[in-house]
Each structure stands twice: as C-alpha cells, then as structure tokens.
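> Build me a structure from this.
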Amino acid sequence: DNITPEKWAMVYSNTGKFVDVAFSGDDVYIKGYADAMPDAWVKGRVGDGKITIPNFQYLGYNDYLGIVTFFAGATPIKEWNESWQQYEIVDYDTNDVVTFDYDGDAKRITTEETVFLSASYNSLYAVEMYESPAFHYQDAGISKVPVNPQIVYFQAYTPEVGIGGIQIKVANLNADGDLLDADNMYYRYYVDGDPFELYPDEYGIEEPMIDIPFNFQDTFGWIVAYGDERQLLFTIDGVSVFGVQQIYMDDEETYYSEIINYDTDAVDEVAAPEVVGREYFDMSGVKVSGQSKGILLEVSRYADGSKT
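Residues are numbered from 1 along each chain as shown. Model prediction:
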C-alpha cells in the first residue's frame, strides 16, 4: 500500500502507451498495459536479470465487454515461407510464466514474447495483443519533436472515381524511440505547401480542422485511424505536392516533425506493394483458413516484406 509507482513507457508496434510500474523487494507490479482493463495490476517476480509473471493471471471482469480477463503471454512459433522468403507466425506456445529481460540500471523491461489480454484461462482468446512490448522509465527531459511520418500510398483525385486518397504511417514517438503522449499528438496535411483545412460538410466534423488529433476518425469514414496507419480521402484536384507532418503540443510549446512531401508531378501515384499472400487468424491469434467461421483478422503480406 505504501509503494509509489513510476510512470513508464510501454512501446510496441511503432506506438505505445504510459503505464505504472512499482517495485517492492523482489516483486514488480504493472498497471495499465491493457486498454480494456486500465486499472488492473499485474504482479511478477524479479530475479537474476529476469522478470517472470504467472501466465493467465486473473485481471478482473470487464462490464462493457461482459468477459473475465487474464494477463497472458506466448512465444510465436515461426516457419519459413519459401514463397514469400520470410518467416511467418503459424501458432503460439504458452508456458507457465511469461519471461522478460530486466535491466535495473537502465530501468528497462523487454521480451520477445507476445503479450495478450485474454478472455480465456489457460488458453489464448485474444482481446488485445502486443508484439514484443518494451517497457522503460522515461525522464521528463526527453525531446518532444515527433518522429517523421511516412507516406505509404497516394492516389490522385480523378473525376471518374470522384475521390483521391493518401495513406500514411504515424507514431507517437520521438526520433530516440521515447514515447510521446498521444493525447497531445496531432498531424496535418499540406497541399502545395499550405496547410490543408478540412471542412464540416465534407468530413462530418463540427468545425473546420487543420490539426487532426492523433487517433481521430470522422463520421463519414473519410478520416480513418487504425494502429499506426492513417487514411484521408479528398476531392481536391490539380495538386502538385501533398505533404504530411506530425505535431506535439504541450502547455508551453508546440513541436513539429519535418514535412514529408510527395511530388504528384513526378509519378501518378505511390504504388501499393504487390500482395503476395494473405493469412487469417482467429481472435486467439491462431492461424486458420479464410473460410473459418467467426471473426477473423486478415493479414496481407506484400512483396517488399511489409504486412497489414
């Protein structure tokens, strides 16, 4: 009861969140790793440069989802895919404990395992999944300049289609990999060097907007946020340069990434990588057939090695 937790960063898959971490002797406590159970604590043991947390540790009942929840972790089982020339996850192997490497001097906790919020005891039924999460204590004096965004795909507006679109990748991180508070993060688009203003009649927003909140989505589906990917549809024609920039705002100052530009005059579009295969996973993270019943996650793999 007298333990004072510290604010640590939990980083995973090009994004992250802040969690509370507390130590008491050989015990460690972590709160807030799962979005659906933000007030639940997970307890582990520290020893010999490792932290071990009992697998399928009970977290509590989620009233909104109507499920009991458990902390869980598993080691991905990978097999070489000759067609795609890369390893792919085919299953997960669970153990009695989830093991993390712990560097007490650097105040850093890491693992190669995948961490889950599970709705089942002693078997994986994934509600949330975090691949190789890394936890570290973060000083207040970090750089608040966001890492540069990436332009993944661009399609110019054409009258035949009636819309154009851009897909980008963002991250609430600085260039050193430190976590920035997503509640203070924004991004904006530029059209021929000028900030692009979004209007209510086109995007279903209450008032004109230039700086888009990090996790914002509109009611029309023209502004989409999923993981670290963002998508914007638009109806403007004749654009020469389309740009994007990340922004961090605190009470004292505003910090900007570089503006990443795409020259639409150079080529017609940023070509989407060729899809070389698709995989399907059930909610427990197990690979299944695309014809399986229930809610499935489709993962597309591309010729450049990326996946969505």
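> List the beta-bridge partners for the closest residue to Q138 other than its chain neighbours.
The shortest distance from Q138 to any non-neighbouring residue, by Cβ to Cβ, 6 or more residues apart in numbering, is to A9 (4.7 Å). In short, each C-beta sits where N, CA and C put it, glycine included. With DSSP bridges applied, A9 shows beta-bridge pairing to F18, H136.
> from the chain's centre, how far out does the longest strand seen in the chain sit?
The strand that spans the most residues within the chain, counting by DSSP state E, is strand 67-81. Offset of strand 67-81 from its chain centre (Cα atoms, centre = their mean, to the nearest Å): 17 Å.
> Return the distance of stretch 16-34 from the chain's centre.
Distance of stretch 16-34 from the chain centroid (Cα atoms, centre = their mean) equals 20 Å.
> mean confidence score for that stretch?
What stretch 16-34 shows for mean pLDDT is 96.
> List the contacts of it.
Residues outside stretch 16-34 that contact it (Cβ atoms under 8 Å, 6 or more residues apart in numbering): 3-10, 35, 38-47, 51, 59, 69, 71, 109, 115, 117, 127-128, 130, 133, 135, 137, 172-173, 179, 181-182.
> quick one on the thing from earlier: give me the buried stretch members for the longest strand of the chain, please.
Of all the residues in strand 67-81, those buried under the rule 16 or more other Cβ atoms under 10 Å are 67, 69-76.
> do the same with stretch 212-227
For stretch 212-227, burial by neighbour count (16+ other Cβ under 10 Å) applies to 212, 214, 217-218, 222-223, 225.
> picking that back up, now the contacts of stretch 16-34: which count as buried?
With burial judged by 16+ other Cβ under 10 Å, the buried subset of the contacts of stretch 16-34 is 8-10, 40-42, 44, 46, 51, 59, 69, 71, 109, 115, 117, 127, 130, 133, 135, 172-173, 179, 181-182.
> So for stretch 13-30, what gets flagged as buried?
Across stretch 13-30, burial judged by 16+ other Cβ under 10 Å covers 14-17, 19-22, 28, 30.
> List just the nearest of the residues you listed to D91.
N14 (24.3 Å; Cβ to Cβ).
> residues touching the closest one, list them.
By Cβ under 8 Å, 6+ apart, the contact list for N14 reads 169, 171, 173, 228.
> quick one: which two of these are the most distant?
The largest separation in the contacts of N14, counting by Cβ to Cβ, is between K169 and L173 at 11.5 Å.
> quick one: strands adjacent to whatever helix or strand comes next after the longest strand of the chain?
Of the helices and strands lying after strand 67-81 in sequence (DSSP states H and E), the nearest is strand 86-93. With DSSP bridges as the test, strand 86-93 is paired with strand 67-81 (antiparallel).
> Output the partner strand as CSV, restricted to C-alpha atoms.
Output of strand 67-81 as CSV, limited to C-alpha atoms (Å, rounded to 0.1, in the frame of the first residue of the first chain):
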residue,chain,number,x,y,z
ILE,A,67,-16.0,-11.0,-20.1
VAL,A,68,-13.5,-12.1,-17.5
THR,A,69,-9.9,-11.1,-18.4
PHE,A,70,-6.5,-12.5,-17.9
PHE,A,71,-2.9,-11.4,-18.5
ALA,A,72,-1.3,-13.9,-20.9
GLY,A,73,1.9,-14.2,-23.0
ALA,A,74,3.1,-16.7,-25.6
THR,A,75,6.1,-17.3,-27.8
PRO,A,76,5.4,-17.0,-31.5
ILE,A,77,6.1,-20.2,-33.5
LYS,A,78,7.5,-19.3,-36.9
GLU,A,79,8.1,-21.3,-40.0
TRP,A,80,9.9,-20.3,-43.2
ASN,A,81,7.6,-19.5,-46.1
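> now the buried residues of stretch 212-227 in TSV, with pLDDT?
Below are the buried residues of stretch 212-227 laid out as TSV (pLDDT from 0 to 100):
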residue	pLDDT
I212	98
F214	96
Q217	92
D218	90
W222	93
I223	95
A225	92
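> In strands only, show me those.
212, 223, 225.
> average pLDDT for the longest strand of the chain?
Here the average pLDDT along strand 67-81 is 93.
> shift numbering so it begins at 10
Right, with 10 as the first residue, what we last looked at is strand 76-90.
> quick one: terminal-to-terminal distance for stretch 90-100?
End-to-end distance for stretch 90-100, by Cα to Cα, to the nearest Å: 14 Å.
> Tell me what angle the helix or strand I39 falls within forms with strand 76-90.
Counting by DSSP H and E, the element that carries I39 is strand 36-40. Calculated by axes from the mean of the first three to the mean of the last three Cα atoms, to 10 degrees, strand 36-40 forms an angle of 100 degrees with strand 76-90.
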